Structures are given as structure tokens and as C-alpha cells.
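Visitor: Starting from these lines, generate the structure:
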Amino acid sequence: MKRVFITGANRGIGLEFVRQLLERGDQVFAGVRNPDAATSLRRLSAQHHDQVIPVRIDVTDTGSIKAARSAVSIHTNALDWLINNAGILQRGERLGEFDAAMFNRTFQVNVTGPALVTQAFVDLLGAGEQPLLVNMTSQLGSLARKSSASTHSYSASKAALNMLTRTLTYELKPMGITTVMMHPGWVQTDMGGDNANLTASEAVAGMLNVLDRLTPADTGSFLQYDGQRLPW
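Guide: Below you'll find the predicted structure:
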């Protein structure tokens, strides 16, 4: 049984991670901004009791992150996986219409958030079995694959998250923690839209298959849901 903390667990990929982790018997600490409004998560919690524990967390608020860490530590003294999944995407950005507040918000959620969550939970993760840090990224953060003028702030934030993950690798590897950047594919969620070619169930099943097979030799890798390595 793995002990997993995941952010952004109220819908989409995050919620599907919770579902599939529960199905295989793992214990999940499901981080959400407002547990009371997370209807699907609350339903899972009622069905699985102590196997899934909703945790209030706002990844843009240091106090909230620290409180979430304290809440998790009531139930466990170690985590095996930490999945930084919370993220936002601003659509329709065009040169001439850039908004500083939106860029700042995107980086705060997509980059600073994972950095601060990792910092807060690293001691619990370091005490886990074959501990793994998963930062959910996107191929839109790949410089080699970028071929259109779109998703400016989101793409830039994911490129920054990739670099953050690589730099963290050198601090976390001596602690026995494996790090990985994971692109889920184009997924049918509120963010991905209805035209995406993968369901959340397919994407998460693929990612779990990849994550279960990782070894310390894979640390610092940029992978997608089927295990393919992506270019920087």
C-alpha cells in the first residue's frame, strides 16, 4: 500500500488518480482548495473512509500549505508518493493583450506552488518507501516541441516547472527520492476539452503503469503517460 499526497484532487486528472489509487488499495491524501465543494471527492471519502482523506490546501498560500502538512502528519509519518498536480491554464492569450496579473497567477500556481508543497512535505516523503516526487507538467513546456504562438504563460510555466524539477533532483537524490516530470497526454478534462484523444481514466492508468516501474535511475526524467521520454 502506497501513501500518496496529491494536489488538485477535486476533478479531472487529480480526481481520477484518487479513484484508481483507491481501487488498488493505496491510501490517498487528496489536496483540494475547498473540501466542502468537492462533491465527487466527498463521495469517495464516504465510501472509503480512512483510505482517502481530503486535505484543504491552497498551493498559493504558504500558511495553507503548512496547515496541510500538519493535517497529513496526524495520519501518517511518511509518504511514498507526492504528486504536484494542481495547475491552471489561461486561454486566448495574444501579444498586445498580456496581463501581468495572469502571468503571475499562472506561475504562482504552476511553479511556485509545487516548489513550496515539495518543501513542506519533503521530510514525510524522505521517510517513505521508494519515495517518488511527481510534478505534473505538459509537452507544451518542451522547447523542442513548441511550434505555435499559444498558451504563452502556461507553456512558460511548465518549462519553468521542468527546470525546477531538474534542479530539485540534485537535492532530493541524496535523500533517496526519485523525481519525475509527467505529461499526461491530451486528456478530456475541463482543461483539455472534449476533443482530446484520451479519457482521464486512460491517461491515469497509463501514468500509474509508468510510475510503478520507475527506479532511481529514472530520476530527473521528462516522460509522458505511456513512458515515452520527451525532449526538453
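
Visitor: residues contacting the residue nearest in space to the middle of the chain?
Guide: Nearest residue to the geometric centre of the chain (C-alpha atoms, centre = their mean): N85, 2.0 Å. N85 makes contact with 6-9, 13-14, 17, 136 under the criterion C-beta atoms under 8 Å, 6 or more residues apart in numbering. Every residue, glycine included, has its C-beta placed from N, CA and C.

Visitor: And the longest helix along the chain, how far out from the chain middle?
Guide: Using DSSP state H, we find that the single longest helix of the chain is helix 152-172. Offset of helix 152-172 from its chain centre (C-alpha atoms, centre = their mean, to the nearest Å): 12 Å.

Visitor: From the rest of the structure, what touches it?
Guide: Applying C-beta under 8 Å, 6+ apart, the external contacts of helix 152-172 come out as 88-90, 93, 98, 102-103, 106-107, 110-111, 114-115, 118, 122, 133, 135, 137-138, 140-143, 146, 178-181, 219-220, 222, 232.

Visitor: before we move on, what about stretch 60-71?
Guide: 31, 55-59, 105, 108-109, 112-113, 116-117, 120-121, 124.

Visitor: Between these, which sits nearest N197?
Guide: Lowest distance from N197 to the contacts of stretch 60-71 (C-beta to C-beta) belongs to V109, with 25.4 Å.

Visitor: Could I get the pLDDT score of the closest one?
Guide: Looking at V109, its pLDDT reads 99.

Visitor: what about the closest residue to it other than its chain neighbours, distance to G12?
Guide: Spatially, and ignoring its direct neighbours in sequence, V109 is nearest to I88 (4.9 Å; C-beta to C-beta, 6 or more residues apart in numbering). Distance of I88 to G12, computed by C-beta to C-beta, to the nearest Å: 12 Å.
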